[in-house]
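Student: Sequence and predicted structure, then a few things I'm wondering about:
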Amino acid sequence: MQHSTLETTEASSDRKLNEMMQQADDFFKIEILRPAKTYYERALALDPKNSKAMHRITECNRMLAFEMKVIWSLLGLAVILVGAYLLFRT
């Protein structure tokens with residue numbers, strides 16, 4: 001009886017890990033990075049040696065950093081354009 005309970009717990013854990021990875025992969029494929037990273041982190045909590053989750057977290061961090069760089073660049077450009085408009089309008 002105890003052996004069966006252990007197998008059920010392991011199967012449940014494997015199923016949960018697979019679900020986390022599938023959710024993460026689905027978000028990652030369509031580049032919705034914050035939820036993808038969250039699901040990869042949850043999967044990594046279940047399996048700390050999961051190299052795919054580790055790699056994808058690194059990728060999400062890299063892509064999110066690039067995204068923020070682009071956002072700040074566009075914001076800076078918008079400030080310059082608004083400033084130029086206000087300065088040179090007649």
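Tutor: Okay, I see it.

Student: Show me what the longest helix seen in the chain is packed against.
Tutor: Using DSSP state H to define each element, the chain has its longest helix at helix 51-88. Other elements packing on helix 51-88 under the criterion 3 or more Cβ pairs under 8 Å, 6 or more residues apart in numbering; DSSP states H and E are helix 2-29, helix 33-46. From N, CA and C alone the C-beta is placed, and that goes for glycine too.

Student: Next, the angle helix 33-46 makes with that helix.
Tutor: Computed by axes from the mean of the first three to the mean of the last three Cα atoms, to 10 degrees, the angle separating helix 51-88 from helix 33-46 equals 150 degrees.

Student: buried stuff in helix 51-88?
Tutor: Buried residues in helix 51-88, counting neighbours by 16 or more other Cβ atoms under 10 Å, are found at 53, 56-57, 60.

Student: so which of those comes closest to residue 32?
Tutor: Proximity of those to residue 32, judged by Cβ to Cβ, is greatest for residue 60, which lies at 10.1 Å.

Student: My read is that that closest one contacts residue 33, right?
Tutor: Yes: if you go by Cβ atoms under 8 Å, residue 60 and residue 33 touch, sitting 4.9 Å apart.

Student: rewinding a little: for the helices and strands packed on helix 51-88, give me TSV that also has mean neighbour count and mean pLDDT.
Tutor: Listed next are those as TSV, based on neighbours: other Cβ atoms under 10 Å; pLDDT from 0 to 100:
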stretch	mean neighbour count	mean pLDDT
helix 2-29	13	84
helix 33-46	19	97
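
Student: Output those as JSON lines; include the columns distance to residue 85.
Tutor: JSON lines is the format used below for these (distance: least, Cβ to Cβ, whole Å):
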{"stretch": "helix 2-29", "distance to residue 85": "39"}
{"stretch": "helix 33-46", "distance to residue 85": "33"}
